[in-house]
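Chemist: Predicted model, plus sequence, below.
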Amino acid sequence: MNAGEQMATLDAVGRLRARAPKTLAGYRRFRAVIEQDGALPARLKHLFVAAAACVKNYAEMAERELRAAEAAGLDAEHAGAAIAILASARGEGAALRFEAIFACVYPAGRIDAEEQALTVAPGEAEANFLAYFKTMPPSLGKLLELVPTGGDAYYLMREGTLSGTALEPRHAELLLVTVLAADYSNWASVHMDGARRAGANEAEIAEAVLCAVPVAGLSAWVVGATAMDAGQDRA
């Protein structure tokens, strides 16, 4: 692709138009869910797709979707929230990949700032985990027991992801749902439950899962719908 040229969508492929019209008809319907305001606004759904595409290393797709989010009215503060969320959910590489694309789409949105020194009080991380999960997950109990600094680190990154960005908590949870569904992860159900507690309804959760389909195919919906049911079974 040349500089400034945007990646086409799947429906621009002539061979699919000629040989797989049903595939494209279905694809267009999935795209319509993302591109139109519904339970969630289109600008957020494009952001969710962009974040998931970064995890898969689909940089051109991620840029296309982030530009669509910007055109739909998403401002730099809300778009930039995905950097912190990806850092926690999928690590440094995915976060830096998104940041590079963000800098192209929102050139005025980059910030130069000094790192802030934060402290964690004794028991603060444990209390946070219990408040969110209701019971201590074995993985986090082990981390607090064996590597207490790691427990504090986990708490800070998780809390920064879910309540420390410009996105509403339910939207931060739903972005994670898209990313996890695109990775076919059962952990999507945990953040579906978190989204419900933050006020999300089932239609919003379903649309967040569908945002994973352009990135990860139909299996993303199957895994995501199963996770929705698992969360409802726990309710």
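Modeler: Perfect, thanks for sending it. Since the model is a prediction, treat every value here as computed from it, not as a measurement.
Chemist: Could you report the separation of the residue sitting nearest the centre point of the chain from Glu65?
Modeler: Centroid-nearest residue in the chain, with CA atoms, centre = their mean: Leu175, separated by 2.8 Å. With the distance defined as CB to CB, to the nearest Å, Leu175 ends up 12 Å from Glu65. C-betas here are computed from N, CA, C, even on glycine.
Chemist: just Ala227 next, same as before
Modeler: Ala227 sits 22 Å away from Glu65, going by CB to CB.
Chemist: Repeat that for Met7.
Modeler: As for Met7, its distance to Glu65 is 9 Å (criterion: CB to CB).
Chemist: Those two: which has the busier surroundings?
Modeler: Comparing Met7 with Glu65 by neighbour count (other CB atoms under 10 Å), the higher total belongs to Glu65, at 28 against 16.
Chemist: Confirm for me that that one is in contact with Cys54.
Modeler: No. Because the distance of 9.6 Å does not satisfy CB atoms under 8 Å, Glu65 is recorded as not touching Cys54.
Chemist: Which strand or helix spans Gly151?
Modeler: Gly151 belongs to helix 148-163 when elements are defined using DSSP states H and E.
Chemist: Could you list the buried residues of that helix?
Modeler: For helix 148-163, a neighbour-count test (16 or more other CB atoms under 10 Å) marks Gly151, Asp152, Tyr154, Tyr155, Leu156, Met157, Arg158, Glu159, Gly160, Thr161, Leu162 as buried.
Chemist: ok now the next helix or strand after that helix, how far from the chain's centre?
Modeler: On the C-terminal side of helix 148-163, the closest following helix or strand by DSSP H and E is helix 169-182. When C-alpha coordinates are averaged (CA atoms, centre = their mean, to the nearest Å), helix 169-182 and its chain have centres 4 Å apart.
Chemist: who touches whichever helix or strand comes after helix 169-182?
Modeler: Towards the C-terminus, the helix or strand next in line after helix 169-182, according to DSSP H and E, is helix 188-197. Identification of contacts with helix 188-197 by CB atoms under 8 Å, 6 or more residues apart in numbering yields 132, 162, 169-170, 173-174, 176-177, 180-181, 204-205, 208-209, 223-224, 227-228, 230-231, 234-235.
Chemist: and the angle from helix 188-197 to helix 148-163?
Modeler: Computed with axes from the mean of the first three to the mean of the last three CA atoms, to 10 degrees, the direction of helix 188-197 lies at 50 degrees from that of helix 148-163.
Chemist: Use 672 as the first number from now on
Modeler: Taking 672 as the first residue, the last one we looked at is helix 859-868.
Chemist: For helix 859-868, what does the pLDDT average out to?
Modeler: Mean pLDDT, helix 859-868: 96.
Chemist: Same check on stretch 712-732?
Modeler: Over the span of stretch 712-732, the pLDDT mean works out to 97.
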